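Enquirer: Predicted model, plus sequence, below.
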Amino acid sequence: MGRIRRFTIGNPINTEAVVQEIPVEQGAFPYFTRVQGIELKSDGDSQETMVQKDYLSYQMGPEDKVYGLGENVRGIDKRGWVYESNCSDDPHHTEGKRSLYGAHNFLVVAGAKVFGVFLDYPGKLTLDIGYEDMDEIRITPKDWNMDLYILEGEGVLGIVESFRQLIGRSYIPPKWAFGYGQSRWGYKCEEDIRTVVKGYRENNIPLDSVYMDIDYMERFKDFTIDEGRFPNFPEFVEEMKRQHIHLVPIIDAGVKIEEGYGVYEEGVENGYFCKDEAGKEFTGAVWPGKVHFPDVLNTQARGWFGRKYKFLLDQGIEGFWNDMNEPAIFYSEKNLGKVMKELKSVKNDNMDMWEIFAFKDLVNGLANNPEDYKSFYHNMDGVQVRHDKVHNLYGYGMTRAAGEAFEELEPEKRILIFSRSSYIGMHRYGGIWMGDNQSWWSHLLLNLKMLPSLNMCGFLYTGADLGGFGADATEDLLLRWLALGVFTPLMRNHAALGTREQECYQFTRTEAFGKLIGIRYGLMPYIYSEYMKAALRGKMLFCPLAFVYPDDKHAREVEDQLLFGESIMIAPVYVQNAKGRYVYLPEPMKLVRLKGMGQIEEEALGQGHYYIEVPLEEVVFFIRPEKIVPYTEPGQYMEEVQGKEIKLLHFASGAAEYELYQDDGYGKDYGNPAHITKLRVEGHTIEMA
Ligand code: GLC
């Protein structure tokens, strides 16, 4: 086991990110130095200003790579950009952004020295990794109150394993949540959902779940069902279950302000909402108009909000997604008033550049305004804390509310929960999805690159909106994205209101979609086993080649192939119109080509570079030496796959073993040795192509 050292600066807030008690060391911390002073800075308009600098500095060597930061833009190697931990509701995941929805302050520097650093700090943190100075890491918090952990150990993988021990076991969803799910913002009523299920079943495309976006609620009120559109909800949930479909409703962070609405009234009565400076409930606006935000950083309020999920559990629901929990604020009551006044004062119908910019900024600045985040407070069990100081904990708190309540309400059963916003620590309570991406090829690649960084930070149950959320998807994009999605624990197709319909049956090659998604089900014995072992043993599920082959200079550079579990390497196609792609094999591997589970082709290849053809309907992956991949016949839904005969693919020249993990998919007796079956093959001499 590696070494973890903890240093405390100032008076940090307890985020409960870590589960191990590490004694605080006194004195200077290793690797970083604190740099303080005055710096001259150009503001971009050739004006020079004096700025106060105060940051942690690490001098990178030419070979250093920097891994981590969980959910974020750019590469697996984070070097060469400035990132911010500042959970943001921003649907434009472009290279120029600095933060997405999560705050995952864990980095591993790998070069001449290899070490990890976790900055347990819930406010805004700037992580400049070679932006101001290409060879320097500069870490700047808003204030100097944090726990800093330095991790050392056996290579990057050893350090990640220590970190995962430090932060505790990753969330485990029910097994059906590994099935394929269809979602769209715009399914409004029972009939819309029936149409989706029929579209899948009639075309023999497997399906396990349909997601219910905000329209199922009565005027976007959490823990309500619109009775006009869902006249008998428990009966509808049953009807879907008979077709082996799980319905997964969304829950939003903001609670609508409305007289007579129980959740609102109870929240006000008990003081469970966040308050403003004057001690009044803070009012922001989201989908339902004006809302209050449950104070999920307060133990009582968190317990109260979590128990509200019972309303849906009692009607047969077994899974949820938590949204808008950065928290997203379309506008605050206070700021809207101010902006409206200013807008009304604009009498000019001939605005020049500066005036129109200022006019637009006023309106655009209403949403997620940093000043609003400074204007409300949490009651952290007796201590009043201004929201911006703990901003990055809100999604964590909301999902923890659900997770803790599920333990209490359904102690024997796993419930699906994943969130949009997160902080390290939340990985123990739920998964995350990657938020509002676009139907862009570059976002397919971004999806791939984010997977290992998230795994480093404990988030194993994750996936992107397959096909892309915003913009119009094309059939080839969806096929290629599903070929990656076959491997991601959360395999969900989701799209935004107003975009092209992208349920698989809306396109022409329905047979190809059926086969592709069928491969997910066929590989389930492997996918599920690898997930469970990664969660229970604190391992990576998706791993960059650089972590496993650190001395291979080609492998160190590869950012578009990943190891998936112990046996497989994946190399998805992410370029439109490409007939295949170049793949680097750091060691001999067996190419497996699946034209649906019924037609499997195998070819042994030596170490080196290859051009591999990958037709749109096929999934290609590679098996590592002396490794086994268990698989089975596909089915139309998860229960149909459960218990089917296990077959083995392998690339073994001698005796090879594999630990297959199987359980009922619901229970929590994870450690039961009966869940593990040792599979063995006697290999044979391999002819290389
Ligand atoms: C947010 C979510 C998205 C959802 C939409 C409507 O943008 O990220 O997934 O569809 O809200 O609820």
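Expert: Done, it's in.

Enquirer: going forward, measure contacts and count neighbours with C-alpha atoms only.
Expert: Fine.

Enquirer: Give me the sheet partners of the biggest strand by length in the chain and which way each runs.
Expert: As assigned by DSSP state E, the longest strand anywhere in the chain is strand 48-59. In the sheet, strand 48-59 lines up against strand 33-42 (antiparallel), strand 136-141 (antiparallel) (DSSP bridges).

Enquirer: Off-centre distance for the lowest-mean-pLDDT helix or strand in the chain?
Expert: In the chain, no helix or strand scores lower on mean pLDDT, DSSP states H and E than strand 33-42, which sits at a mean of 89. Taking the mean of its C-alpha atoms, strand 33-42 sits 35 Å from the chain's own mean (C-alpha atoms, centre = their mean, to the nearest Å).

Enquirer: Alpha carbons of it, as PDB, please.
Expert: Presented in PDB, the C-alpha positions along strand 33-42 are these (Å, rounded to 0.1, in the frame of the first residue of the first chain):
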ATOM      1  CA  THR A  33       5.700  25.400  -2.500                       C
ATOM      2  CA  ARG A  34       3.500  28.300  -1.700                       C
ATOM      3  CA  VAL A  35       4.300  31.300  -3.800                       C
ATOM      4  CA  GLN A  36       3.100  34.700  -2.600                       C
ATOM      5  CA  GLY A  37       3.800  38.200  -3.900                       C
ATOM      6  CA  ILE A  38       2.800  40.800  -6.400                       C
ATOM      7  CA  GLU A  39       2.800  40.100 -10.100                       C
ATOM      8  CA  LEU A  40       2.400  42.500 -13.100                       C
ATOM      9  CA  LYS A  41      -0.200  41.100 -15.500                       C
ATOM     10  CA  SER A  42      -1.500  42.300 -18.800                       C
END
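
Enquirer: that older thread, need the strands paired with strand 48-59 in CSV with distance to residue 175, can you?
Expert: Shown next, in CSV, are the strands paired with strand 48-59 (distance: least, C-alpha to C-alpha, whole Å):
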stretch, distance to residue 175
strand 33-42, 46
strand 136-141, 40
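
Enquirer: Need the winner for burial among these.
Expert: Most buried of the strands paired with strand 48-59, by mean neighbour count (mean count of other C-alpha atoms under 10 Å): strand 136-141, with a mean of 22.

Enquirer: picking up where we left off before, which residues touch the longest strand of the chain?
Expert: 31-43, 135-141 (C-alpha atoms under 8 Å, 6 or more residues apart in numbering).

Enquirer: List the contacts of the following helix or strand past it.
Expert: Next helix or strand after strand 48-59 toward the C-terminus (DSSP states H and E): strand 65-68. By C-alpha under 8 Å, 6+ apart, the residues outside strand 65-68 that reach it are 76-79, 104-111, 129, 453-454, 456-457.

Enquirer: separation between residue 138 and the ligand?
Expert: Per C-alpha to the nearest ligand atom, to the nearest Å, residue 138 is found 31 Å from the ligand.

Enquirer: wait, doesn't that residue sit right on residue 84?
Expert: No: with contact defined as C-alpha atoms under 8 Å, residue 138 does not count as touching residue 84 (11.5 Å).

Enquirer: Spit out the residues that contact the two alike.
Expert: Counting by C-alpha under 8 Å, 6+ apart, the common neighbours of residue 138 and residue 84 are 126-127.

Enquirer: Which residues are in contact with residue 533?
Expert: 539, 661.

Enquirer: That one is in what secondary structure piece?
Expert: Residue 533 is located in helix 524-537, with elements delineated by DSSP H and E.

Enquirer: buried ones in that helix?
Expert: For helix 524-537, burial by neighbour count (16 or more other C-alpha atoms under 10 Å) applies to 524-536.

Enquirer: ok, those residues vs residue 634, which is closest?
Expert: Proximity of the buried residues of helix 524-537 to residue 634 (C-alpha to C-alpha) peaks at residue 524, which lies at 8.6 Å.

Enquirer: circling back to that earlier point, now tell me what touches whichever helix or strand comes after the helix holding residue 533 from outside.
Expert: Sequence order places strand 542-544 as the next helix or strand after helix 524-537, per DSSP H and E. Outside strand 542-544, the residues that touch it by C-alpha under 8 Å, 6+ apart are 76, 451-452, 455, 558-559, 561-565.

Enquirer: Check stretch 575-586 too.
Expert: Under C-alpha under 8 Å, 6+ apart, the answer for stretch 575-586 is 441, 476-477, 549, 552, 554-555, 558, 561, 571, 573, 606-616.

Enquirer: how about the CA coordinates for that stretch, as PDB?
Expert: Once non-C-alpha atoms are left out, stretch 575-586 reads as follows in PDB (Å, rounded to 0.1, in the frame of the first residue of the first chain):
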ATOM      1  CA  VAL A 575     -14.400  10.200 -36.900                       C
ATOM      2  CA  GLN A 576     -17.300  10.600 -39.300                       C
ATOM      3  CA  ASN A 577     -17.100   8.600 -42.600                       C
ATOM      4  CA  ALA A 578     -14.000   6.800 -41.300                       C
ATOM      5  CA  LYS A 579     -14.100   3.100 -42.300                       C
ATOM      6  CA  GLY A 580     -11.800   2.200 -39.500                       C
ATOM      7  CA  ARG A 581      -8.900   3.600 -37.500                       C
ATOM      8  CA  TYR A 582      -5.300   3.100 -36.500                       C
ATOM      9  CA  VAL A 583      -4.800   1.200 -33.300                       C
ATOM     10  CA  TYR A 584      -1.700   0.600 -31.300                       C
ATOM     11  CA  LEU A 585      -1.100  -2.700 -29.600                       C
ATOM     12  CA  PRO A 586       1.400  -2.400 -26.700                       C
END
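
Enquirer: Now do the same for the residue in the stretch 551-689 of the chain positioned nearest to the ligand: helix, strand or coil?
Expert: The ligand sits closest to residue 574 of the stretch 551-689 of the chain, with a gap of 22.5 Å, by C-alpha to the nearest ligand atom. Classification of residue 574 by DSSP: H, G, I helix; E, B strand; the rest coil places it in coil.
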